[in-house]
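> Generate a structure from the sequence data that follows.
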Amino acid sequence: MKNLLFISIISFGLISCGSDKSSGKSEKEVVITTHTLDTALYTSKGKEIAQATFKTLSSKLKSAMQNGGVENAISYCNIHALPLTDSLSKVFDAKIQRISHKPRNIKNAANDEELTLITKYQNTHSTKPTLLSNEDKVIFYAPIYTKPLCLTCHGTVGETITEKNYEVIKSFYPEDKATGFKVDELRGLWKITFENKN
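Coordinates of the predicted model:
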């Protein structure tokens, strides 16, 4: 992702630059072709996919919690969350991920560049998506902020998370870092990767 170009959603355009200066030593003309990224399209698609995935995951999670409490919900997440997002990735023809600076599942850990983006969202509390792109792919990021129900599994141990439930969490996720959150705090980011077809 070193070569990814940051694109502001507000600008709705890709700024490109090139040099047409000739060395005078060659008669060959160099033609540089640039492509404009359809930010509106990718933003719309990203939002649609994130909302659909959230709706599917949250409904399954609520059902698991109603049928067996937090322990059942944690078990469901451990077994089904990644396969479910993988199956939705096939439906939408895009790779769907949830990444975090404080992951529960280590597979969802943000990389260094994504941590920088997370810090930006923490500082601004923005809800606007971000697009990154190169010749091969376009990546849509959108913030995930905690809701009151999230604190049942992601809040503070001894307050919103019981000691018993935290033992269950640790039994499924020994390297868990996803606690200590408060309402409306940044939990992580949606990351949706598209093949760049421009």
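> Of all the residues in stretch 56-63, which ones are buried?
Of all the residues in stretch 56-63, those buried under the rule 16 or more other CB atoms under 10 Å are 57, 60-61. (Glycine included, C-beta is placed from N, CA and C.)
> Redo the residues you listed as TSV? Include distance to S87 and pLDDT.
Listed next are the buried residues of stretch 56-63 as TSV, based on distance: CB to CB, whole Å; pLDDT from 0 to 100:
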residue	distance to S87	pLDDT
L57	12	93
K60	12	92
L61	16	90
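> these two touch, right, K102 and K177?
Yes. Using CB atoms under 8 Å, K102 makes contact with K177 at a distance of 4.3 Å.
> which of those two has more neighbours?
When K102 and K177 are compared on other CB atoms under 10 Å, the one with more neighbours turns out to be K102, at 18 against 13.
> and that one, what element?
Of the helices and strands defined by DSSP states H and E, none includes K102.
> ok, H101 - contacts?
Residues in contact with H101 (CB atoms under 8 Å, 6 or more residues apart in numbering) are 110, 115, 118, 188.
> Could you check which helix or strand contains the nearest residue to it once chain neighbours are set aside?
Sequence neighbours aside, I118 is the residue nearest to H101 in space, at 5.0 Å (criterion: CB to CB, 6 or more residues apart in numbering). Following DSSP H and E, one finds I118 within helix 112-124.
> Now do the helix or strand following that helix: which elements does it pack against?
Note on helix 112-124: by DSSP H and E, the next helix or strand toward the C-terminus is strand 130-133. Applying 3 or more CB pairs under 8 Å, 6 or more residues apart in numbering; DSSP states H and E, one finds that strand 130-133 makes contact with strand 5-7, helix 39-92, strand 137-145.
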